[in-house]
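Colleague: Sequence and predicted structure are below.
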Amino acid sequence: MNQARTNIIREARLFIGAPFKHQGRTIEGMDCVGLIIAVGHNLGLVNVDFTAYERSPQPGEFLDAISKYLVRTSEQKPGNILVLSLPLYPSHLAFYTKENTIVHASSSRGRVIENRLSKDWMGRIKSMWTFPGVD
């Protein structure tokens, strides 16, 4: 795994335990998009943010928004960003790690967590993305 991907996973894990807060962008509170933005900002991989989404975003609008800032990929590599479908929310973002786990802000658990990418979670993957410039 290259250094950029190692850094992405390490940075994402620094936020584990942060409380869930819709549209939050700091360790004091964040949502799934906020986790992606915070990691990208902290590592200098993106310098933008988008907050034009509701707690239950419309799938098309959500994917259109992230497609302006991330690069779509078909390879499942550590540090990639997964777009997942959830029962209550049309779209959810998580970082994939090399240990076959995901790091994400879970509203149901009320915080940023790392959990196993189970068969159920695997079935929820809708697309994979990466930060621009990360191979």
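Modeller: Great, that's in hand.
Colleague: Would you tell me what the next helix or strand after the lowest-mean-pLDDT helix or strand in the chain is?
Modeller: Ranked by mean pLDDT, DSSP states H and E, the helix or strand of the chain with the weakest confidence is helix 59-67, at a mean of 70. With elements assigned by DSSP states H and E, the helix or strand that comes after helix 59-67 is strand 71-73.
Colleague: Rounded mean pLDDT for whichever helix or strand comes after that next one, please.
Modeller: Downstream of strand 71-73, the next assigned helix or strand under DSSP H and E is strand 81-84. Mean pLDDT, computed over strand 81-84, is 92.
Colleague: what does stretch 28-36 give?
Modeller: On average, stretch 28-36 scores 93.
Colleague: show me where the chain has strands.
Modeller: 25-26, 29-30, 71-73, 81-84, 92-96, 101-106, 111-116, 125-130 (DSSP state E).
Colleague: Ile37 - nearest residue in space that isn't next to it in sequence?
Modeller: Once flanking residues are discounted, Ile37 sits nearest to Asp49: 5.2 Å by C-beta to C-beta, 6 or more residues apart in numbering. Every residue, glycine included, has its C-beta placed from N, CA and C.
Colleague: List the residues that contact that neighbour.
Modeller: Arg25, Ile37, His41 (C-beta atoms under 8 Å, 6 or more residues apart in numbering).
Colleague: Determine the number of other residues adjacent to the second one.
Modeller: Read that as Ile37. 22 (other C-beta atoms under 10 Å).
Colleague: That one touches Asn47, doesn't it?
Modeller: No. Here Ile37 does not reach Asn47: they are 10.0 Å apart, not a contact under C-beta atoms under 8 Å.
Colleague: Save the strands of the chain as CSV, and put in distance to Asp64 and mean neighbour count too.
Modeller: Formatted as CSV, the strands of the chain follow (distance: least, C-beta to C-beta, whole Å; neighbours: other C-beta atoms under 10 Å):
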stretch, distance to Asp64, mean neighbour count
strand 25-26, 20, 14
strand 29-30, 22, 20
strand 71-73, 12, 14
strand 81-84, 12, 23
strand 92-96, 14, 24
strand 101-106, 21, 23
strand 111-116, 25, 17
strand 125-130, 12, 17
